Each structure stands twice: as structure tokens, then as C-alpha cells.
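J.: Have a look at this prediction, sequence included:
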Amino acid sequence: MPQSTQANQQRYMLDSPPPKTLLQDEDGARAMTLTPEQLAFVNHDPSHHARVLAGPGTGKSYTSVAFLERLARERPELRARMLTFTRVATDEFAQKMGDAQL
């Protein structure tokens with residue numbers, strides 16, 4: 001669940017691996033199953049900063065793509081900035097964004 005840190009920023013702790021993803025539902029949209037922690041981040045208010053803290057394999061990229069899909073669907077005028085710490089992570093995230101057609 002979200003934890004307040006500084007004004008206008010929420011911190012999300014992901015500590016369990018993501019459930020399996022169904023690639024498309026009957027309407028052709030990506031259907032995702034999320035943990036409560038992941039869902040809290042996906043539903044985060046985009047007018048405030050957020051920080052996701054999690055170890056490897058906990059679904060940071062998976063959840064971030066779901067968040068960006070929601071923004072693209074509900075608030076297409078908004079832009080988001082995502083930060084990774086390695087080129088490899090950046091390349092993998094870009095691939096996931098492409099797979100989601102973002």
C-alpha cells in the first residue's frame with residue numbers, strides 16, 4: 001500500500017512477483033492481474049510524484065506499463081517520465097512499452 005514520504009510524493013513497495021498476465025481480453029485490451037500493492041501504484045494520482053521501491057522480479061516494469069496504459073487511456077494529454085538505473089533496464093522497459101503499444 002502507498003506510504004507518504006514527502007509532500008506530493010507517494011512511495012510504493014512491491015514485494016511479491018506479478019501474477020501471470022493475460023495478453024488480451026475479449027475486447028482486445030491487455031488484461032492484467034495485479035497484487036494490491038501494484039494496483040495502488042497503477043491507480044496513483046498522476047498529479048503527484050511517485051516512487052516504486054522493489055527488488056528484482058517483483059513486477060516494477062509490469063506495473064509501470066500498466067500505470068502508463070491507464071494514463072494513455074484516461075489522460076492522453078499527460079506525459080510521464082520514467083527513470084531506470086541501467087541501460088539494460090532501459091532497453092527492457094522500452095521493449096515492454098513497445099509490446100504494450102505505448
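T.: Here it is on my side, so go on. Residues are numbered from 1 along each chain as shown.
J.: So for stretch 58-69, mean pLDDT?
T.: The pLDDT scores in stretch 58-69 average 90.
J.: May I have it as CSV, with CA atoms only?
T.: Below are the C-alpha coordinates for stretch 58-69, written out as CSV (Å, rounded to 0.1, in the frame of the first residue of the first chain):
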residue,chain,number,x,y,z
THR,A,58,8.6,-8.1,-8.2
GLY,A,59,6.9,-6.5,-11.3
LYS,A,60,8.2,-3.0,-11.4
SER,A,61,8.2,-2.8,-15.2
TYR,A,62,5.0,-4.8,-15.5
THR,A,63,3.3,-2.4,-13.0
SER,A,64,4.8,0.7,-14.6
VAL,A,65,3.5,-0.3,-18.0
ALA,A,66,0.0,-0.9,-16.5
PHE,A,67,0.2,2.6,-15.0
LEU,A,68,1.2,4.2,-18.3
GLU,A,69,-1.6,2.3,-20.1
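J.: in this structure, which spans are strands?
T.: Here the chain has its strands, by DSSP state E, at 3-4, 9-14, 49-54.
J.: Mean pLDDT for those - can I get that in CSV?
T.: Below are those laid out as CSV (pLDDT from 0 to 100):
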stretch, mean pLDDT
strand 3-4, 54
strand 9-14, 77
strand 49-54, 88
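J.: which other residues reach stretch 73-83?
T.: The list of residues contacting stretch 73-83 from outside it, by Cβ atoms under 8 Å, 6 or more residues apart in numbering, reads 46, 64, 67-68, 71, 93. (Glycine included, C-beta is placed from N, CA and C.)
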